[in-house]
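> structure, please.
(one chain, ligands or ions: 1)
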Amino acid sequence: MQTVTTVAALRQQISTWKTSGEKIVFVPTMGNLHAGHLALIDHAKTCAGKLICSIFVNALQFDREEDLQAYPRTPQQDLVALRIAKVDLVFMPEHEEIYSEKNQIQINIPKNPLNQQLCGKFRPGFFDGIVKVVTRLFNIVTPDIAVFGEKDYQQLIIIKQLVQDLKLPIQIEQVPTQREGDGLALSSRNSYLNATERKLAPQLYAELICVKKHIEDGNRDFGTLENQAMKRLTKAGFRPDYVAIRNAVNLQSPSYDTEFIAILTAAWLGKARLIDNILLQLV
Ligand code: PAF
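Down below sits the predicted model:
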């Protein structure tokens with residue numbers, strides 16, 4: 001497994017691979033790898049090609065400096081895991097390699113219904129930061145296929161839209177959320193939970209399942225279902241930002257006969273902001 005830190009070295013290797021007809025499969029990460037990331041990598045390995053994984057803690061997607069400083073960084077462990085997973089190349093750039101002082105031309109992302117709602121409403125600028133880094137990473141890596149998790153569902157939908165809008169020749173693959181035995185979605189931020197909070201945390205997923213059951217039973221009063229779920233989460237000890245039932249394809253409010261539904265939530269538990277979602281298909 002090669003490890004490179006510069007765009008120039010990465011491009012050189014990619015050009016050699018492309019010349020010999022290899023496809024490039026890409027898994028971008030912010031490191032602190034857990035079984036959720038490894039599921040993305042496992043999926044990536046089923047897509048024939050050279051597998052590149054990036055580790056880059058993107059400062060632009062943190063709204064508070066403490067969050068950025070506190071974000072868990074475990075590069076040595078990550079490299080061991082990626083070597084065992086047989087990744088071909090790891091790209092680990094410094095901040096300046098991606099965002100140089102010379103970047104004077106800013107491409108600003110207009111406010112739009114996809115990035116202003118749900119997490120975008122509670123974390124202003126968050127998706128701008130993600131779109132900026134993913135666009136740069138795509139331009140650097142030029143992957144044929146890129147793999148993202150359903151755990152960050154709004155991010156996934158925004159990236160699919162980005163690829164469509166910019167006419168990027170990249171196939172986006174999505175991988176289901178990986179969970180602990182008690183249902184808690186795997187996330188680097190779970191490490192912020194203390195023992196009591198950790199016991200309570202699976203209640204978030206249990207609440208999504210409860211809302212799903214109501215919808216499957218024919219309840220289409222989405223607003224009431226959302227409000228009731230918010231109230232139950234608050235009573236249980238969470239500080240929910242939102243529980244939202246949306247059209248899973250475009251994140252708009254669903255209508256009575258919407259086929260693919262996403263139930264999404266973000267809720268604080270102590271210092272951790274947990275996000276989760278569940279997808280369902282109505283027949
Ligand atoms: O999902 C993540 O880990 C990050 O948002 C991503 C896509 C690597 C961009 O920094």
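
> for whichever strand or helix holds residue 17, C-alpha coordinates in PDB please.
Counting by DSSP states H and E, the element that carries residue 17 is helix 7-19. C-alpha atoms of helix 7-19 as PDB (Å, rounded to 0.1, in the frame of the first residue of the first chain):
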ATOM      1  CA  VAL A   7      -1.400  16.100  -5.300                       C
ATOM      2  CA  ALA A   8       1.500  15.800  -7.700                       C
ATOM      3  CA  ALA A   9       2.600  12.400  -6.400                       C
ATOM      4  CA  LEU A  10      -1.000  11.100  -6.400                       C
ATOM      5  CA  ARG A  11      -1.600  12.400 -10.000                       C
ATOM      6  CA  GLN A  12       1.500  10.600 -11.200                       C
ATOM      7  CA  GLN A  13       0.400   7.300  -9.800                       C
ATOM      8  CA  ILE A  14      -3.200   7.700 -11.100                       C
ATOM      9  CA  SER A  15      -1.900   8.600 -14.500                       C
ATOM     10  CA  THR A  16       0.200   5.400 -14.600                       C
ATOM     11  CA  TRP A  17      -2.800   3.300 -13.500                       C
ATOM     12  CA  LYS A  18      -5.100   4.900 -16.100                       C
ATOM     13  CA  THR A  19      -2.600   4.400 -18.900                       C
END
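
> list the buried ones in it?
Neighbour counts over helix 7-19 (16 or more other C-beta atoms under 10 Å) mark 7, 10, 13-14, 17 as buried. (Glycine included, C-beta is placed from N, CA and C.)

> over to stretch 260-271?
261-267, 269-270.

> show the contacting residues for residue 68.
In this structure, residue 68 makes contact with 57, 59, 62, judged by C-beta atoms under 8 Å, 6 or more residues apart in numbering.

> test my guess that the first one contacts residue 29.
No. Checked against C-beta atoms under 8 Å, the pair residue 57 and residue 29 is beyond contact range at 9.6 Å.

> who has more neighbours, those two?
Each of residue 57 and residue 29 has its neighbours counted (other C-beta atoms under 10 Å); residue 29 has more, 20 against 17.

> these two touch, right, that one and residue 58?
No. With contacts counted by C-beta under 8 Å, residue 29 stays clear of residue 58, the gap being 10.4 Å.

> re earlier: of the contacts of residue 68, which is the nearest to the ligand?
Using C-beta to the nearest ligand atom, residue 57 is the member of these that lies nearest the ligand, at 7.8 Å.

> which residue does the stretch 51-200 of the chain have closest to the ligand?
Closest point on the stretch 51-200 of the chain to the ligand, by C-beta to the nearest ligand atom, is residue 58, at 4.0 Å.

> excluding its backbone neighbours, what's nearest that residue?
Nearest non-adjacent residue to residue 58, counting by C-beta to C-beta, 6 or more residues apart in numbering: residue 133, 4.3 Å away.

> residues contacting the closest residue in space to residue 198 that isn't next to it in sequence?
Distance criterion C-beta to C-beta, 6+ apart; nearest residue to residue 198, sequence neighbours excluded, is residue 190 at 7.4 Å. By C-beta under 8 Å, 6+ apart, residue 190 lies in contact with 184, 198, 201, 272, 274.

> tell me the least confident of those residues?
Summarising pLDDT for the contacts of residue 190: the lowest-scoring member is residue 272, with 95.

> does any part of stretch 108-123 sit near the ligand?
No. Applying C-beta under 6 Å from any ligand atom, one finds stretch 108-123 separated from the ligand by no less than 11.0 Å.

> how far off centre is that stretch?
15 Å (C-alpha atoms, centre = their mean, to the nearest Å).

> average pLDDT for that stretch?
Across stretch 108-123, the average pLDDT comes to 92.
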